[in-house]
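# Any chance you could fold what I've pasted below:
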Amino acid sequence: MATDADFVKFIVDQLAGVDSISCRKMFGEYAMYCDGKVVALVCDNQLFVKPTKGGRDFVGEIAEAPPYPGAKLCFLIEDKLEDQEWMQNLITITANELPVPKIKKAKTKKRI
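Residues are numbered from 1 along each chain as shown. As a prediction, this is how the structure comes out:
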C-alpha cells in the first residue's frame, strides 16, 4: 500500500515548527529531510524515524520496525502523531545527531 499524500501533508504540518523540513517522494513512499539529512521515512501511512541515542533517550520505550523489507529498524511513531511539540522535539534531536551527508563527486565521462 502506497502512502496517501494527505498523510504526508499531515506529518509535514506537524513538523512545521522545525527549520528546514522538507519531504521528497522516493519509490512510491517519502523521505523526510531536516537540514539536508534524512531523518524519517513515511511508508504505508506510517512514520519511521531514524534511531539515535538522543532520540531513544527522549522517547523511552518505543516500537521499532523496518519501514520496508530488508531495511534497518527505525522508531515507529504511532501514538504521538497528534502531539506536534513532541514530534518536533524528536525530529530536532534526531537531526542534530545524524551526520551531515557526504557530497557525491560528479562523475566524469571517459574520453576515448
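
# Show me what counts as buried in stretch 21-31.
Neighbour counts over stretch 21-31 (16 or more other Cβ atoms under 10 Å) mark Ile21, Cys23, Glu29, Tyr30, Ala31 as buried. No exception for glycine: its C-beta is placed from N, CA and C like everyone else's.

# ignore the last one, stretch 13-22
The neighbour-count check on stretch 13-22 (16+ other Cβ under 10 Å) flags Gln14, Leu15, Val18, Ile21 as buried.

# Distance-wise, check the nearest residue to the second one once chain neighbours are set aside relative to Ala65.
Computed as Cβ to Cβ, 6 or more residues apart in numbering, the closest residue to Leu15 that is not its neighbour in sequence is Ile21, at 4.7 Å. If you measure Ile21 against Ala65 using Cβ to Cβ, to the nearest Å, the figure is 23 Å.

# cool, and Ala31?
The value you get for Ala31 to Ala65, if Cβ to Cβ is used, is 17 Å.

# again, but for Lys80
From Lys80 over to Ala65 the distance is 15 Å, taken as Cβ to Cβ.

# quick one, which of the two is more surrounded?
Counted by other Cβ atoms under 10 Å, Lys80 and Ala65 do not tie: Lys80 has more neighbours, with 16 against 13.
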